[in-house]
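In: Give the three-dimensional model of this entry:
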Amino acid sequence: MRFVIAALMATAGLLSPLSATAESADVEAVITSVDTERLSLSLDDGKSYQAPEEFNFEGLKAGVKVLVFYTEVDGKRVINDLEILQ
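Out: Numbering: from 1, shown residues only. Got it, this is the predicted structure:
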């Protein structure tokens, strides 16, 4: 029985779509634009970052330097956390 459960867990891990396509990273950059309707930020690294629905855009505007922690899923950069830098 243990062998069957171990085999099922191994198969599930190999077939999990997020295990192969999700990558966590961070970037330090300056905001170039904020789109609160589309819940996204564009940074001076030339990339766009998607914010979750409950994201607080207070204090975020073009020219603000930030440290963005994000996860890349299927080519989209989804913000996990954001820190305003001085």
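
In: all helices of this protein, in order?
Out: Along the chain, counting by DSSP state H, helices occupy 2-15, 17-21.

In: ok, and for the longest strand belonging to the chain, which residues are buried?
Out: The residue-count maximum for a strand in the chain (DSSP state E) belongs to strand 22-35. Of all the residues in strand 22-35, those buried under the rule 16 or more other CB atoms under 10 Å are 29, 31, 34. For glycine as for every other residue, the C-beta is placed from the backbone atoms N, C-alpha and C.

In: The helices of the chain: lowest mean pLDDT?
Out: The stretch with the lowest mean pLDDT among the helices of the chain is helix 17-21, at a mean of 51.

In: show me where pLDDT drops low in this structure?
Out: 1-22 (pLDDT under 70).

In: And for K61, the neighbour number?
Out: For K61, the count of nearby residues is 10 (other CB atoms under 10 Å).

In: so what's it up against?
Out: 31, 34 (CB atoms under 8 Å, 6 or more residues apart in numbering).

In: if we can go back for a sec, which one of the buried residues of strand 22-35 sits closest to A51?
Out: V34 (9.4 Å; CB to CB).

In: Now the phi/psi pair for E58, please.
Out: E58 adopts backbone torsions of phi -60, psi 130, taken as degrees, to the nearest 10.

In: Report how many residues lie close to it.
Out: Neighbours of E58 (other CB under 10 Å): 7.

In: Distance of it relative to G46?
Out: 25 Å (CB to CB, to the nearest Å).
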